[in-house]
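In: Got a predicted model here, sequence first, then my questions.
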Amino acid sequence: MRRIFSLAVCAAALLFGVSDAFTQSGSVEKAVGGYSFEEAAKEAAGTKDFHSADGHLTFAIVTHTAGNGFFDPVYVGAKVAGNMIGANILLLGSESPTDDPAREIEILNQIVQDPTVDGIIMTTPQVGAYNDIVKAAEAKGIPVATTNSFDGTILNRSGISHTGQDASAAAIAGEALVKCLADKAIEKGTIVLPSSTAMGNVEVNNRVTAAFNAIVKGLNDAGKLANFKVDAGPENTGIDTNPNDPVNGIVTLFESRGDVVGAFAGNNVFTPALAKAVAQTGKTGKICAYGFDLGPAQQDALKSGDLTGALGQQPFLQGFWPVMQLYLQIDRGIAAANLDTRAQLVTQDDVEKVGKRFEN
């Protein structure tokens, strides 16, 4: 009897303790304005019938190169966001493995005429080429969001959200390259930054410039700049290299300089090519080679050591956030909000962690 009584007392004390904890938790049940948070959190009655009025939202995401794998996690992120809000997501893009803005624009001109589309997400690598699409979408009441590449001149820029990596993030690779040289005790030589302005991607040009500036600053801060030649071309946007034959272009560049100890490539065209050139010239592990993006080719090159490091753009976010932003604009009237996805530096030490959830 005494044991039963003790258990009862303990149970009562525990109950009172839990109850007291709840009363002291600071729980807020309704807004200061008097409305219920439960009701306020519900979707607006007319959201599913926005624009197309077919009972569900449909967003189209269109990229300038769906053929090389970079945008795969972007599409995954868009699908994840679409599943969360119950929206249909159309995954579209140029079939080319290299940048193809012309094909993207062709797709966009078709999709903006689709009466079932409630929102458009697009990459904008070719500055000044998307204003007609924005005009057509706005005339139909279709909201637009941009992702990945940035066009600062696009019509109604301040009213259109952008999700992407600011080109200044390439400085992370430049800083890492300087550290790599120090770790390898490399005291002199040439550092090259191959690229091609003919591709028309201003963002890539800016990346090369950011990496170049970071390399120069890092070497200067270390008191070693005079020992190195850092070459990013006459405008610091890259040494002009044929994008249609980038491997041979970079091999030729290595051979012509003779003392290359470091290199940086700013996109998915030149980074795999840089890795192949490093392997072909027998420089694996001997130079500091950094690039961009974390597709299959880059991951393989990091594992083999042909690349020292590569910067990821966290592209999952570049699909996920634009979908959520369009939804918030439609359902909540929230103004366009930008998201900088920054950069993820990956090396041979942690490449195995990349892409475990399709998020590289």
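Out: Received the coordinates, thanks.
In: contacting residues around residue 112?
Out: Shown in contact with residue 112 (CB atoms under 8 Å, 6 or more residues apart in numbering): 120, 133, 136, 137, 140, 142. C-betas here are computed from N, CA, C, even on glycine.
In: Which of the residues you listed fall in helices?
Out: 133, 136, 137 (DSSP state H).
In: and which of those is nearest residue 315?
Out: residue 133 (21.9 Å; CB to CB).
In: OK, contacts around the closest one?
Out: Contacts of residue 133 (CB under 8 Å, 6+ apart): 105, 108, 109, 112, 120, 122, 144.
In: roughly how far apart are it and residue 111?
Out: 9 Å (CB to CB, to the nearest Å).
In: Quick check: neighbours shared by those two?
Out: residue 120.
In: Any of the contacts of residue 133 buried? List them.
Out: 105, 108, 112, 120, 122, 144 (16 or more other CB atoms under 10 Å).
In: Among the residues you listed, which lie within helices?
Out: Judged by DSSP H, the buried ones among the contacts of residue 133 include 105, 108 as members of helices.
In: Is it possible to get CSV of the buried ones among the contacts of residue 133 that adds distance to residue 240?
Out: Below are the buried ones among the contacts of residue 133 laid out as CSV (distance: CB to CB, whole Å):
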residue, distance to residue 240
105, 25
108, 29
112, 35
120, 34
122, 28
144, 34
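In: quick one on the thing from earlier: identify, from the ones in helices among the contacts of residue 112, the entry nearest to residue 282.
Out: Of the ones in helices among the contacts of residue 112, the one sitting nearest to residue 282 (CB to CB) turns out to be residue 133, at 47.6 Å.
In: gap between the closest one and residue 112?
Out: 6 Å.
In: Residue 174 too?
Out: Applying CB to CB to residue 174 and residue 112 gives a distance of 39 Å.
In: Kindly report the same for residue 170.
Out: In this view, residue 170 and residue 112 are 32 Å apart by CB to CB.
In: what do you get for residue 221?
Out: 49 Å.
In: same deal with residue 59?
Out: Separation of residue 59 from residue 112 (CB to CB): 13 Å.
In: What of residue 207?
Out: Residue 207 sits 29 Å away from residue 112, taking CB to CB as the criterion.
In: hmm, back to that, common neighbours of residue 59 and residue 112, please.
Out: residue 120.
In: wait, what's in contact with residue 56?
Out: By CB under 8 Å, 6+ apart, the contact set of residue 56 is 48, 86, 87, 88.
In: Now, those residues that are in strands?
Out: residue 88 (DSSP state E).
In: helix/strand/coil for residue 261?
Out: Look at residue 261: counting by DSSP: H, G, I helix; E, B strand; the rest coil, its state is strand.
In: Could I get the phi/psi values of the closest residue in space to residue 166 that isn't next to it in sequence?
Out: Once flanking residues are discounted, residue 166 sits nearest to residue 340: 5.3 Å by CB to CB, 6 or more residues apart in numbering. Taking degrees, to the nearest 10, you get phi -90, psi 120 for the backbone angles of residue 340.
In: What's the local residue count around residue 340?
Out: Neighbourhood size, residue 340 [other CB atoms under 10 Å]: 14.
In: same thing with residue 42?
Out: 10.
In: what's the answer for the one 5 residues further on, then?
Out: Other residues within reach of residue 47 by the criterion other CB under 10 Å amount to 18.
In: repeat for residue 189
Out: Counted with other CB under 10 Å, residue 189 comes out at 17.
In: what residues are up against it?
Out: Neighbouring residues of residue 189 by CB under 8 Å, 6+ apart: 227, 228, 229, 259, 260, 261, 262.
In: now, the most widely separated pair of these?
Out: 227 and 260 (14.2 Å).
In: between these two, who's got more neighbours?
Out: residue 260 (25 against 13).
In: Residue 53 in helix, strand or coil?
Out: Secondary structure, three-state DSSP: residue 53 is coil.
In: what residues are up against residue 141?
Out: Applying CB under 8 Å, 6+ apart, we find residue 141 in contact with residue 51.
In: I meant residue 169, not that one.
Out: 207, 210, 311, 313, 342, 343.
In: where does the first one land on pLDDT?
Out: For residue 207, the pLDDT comes out at 95.
In: I am finished for the moment; much appreciated.
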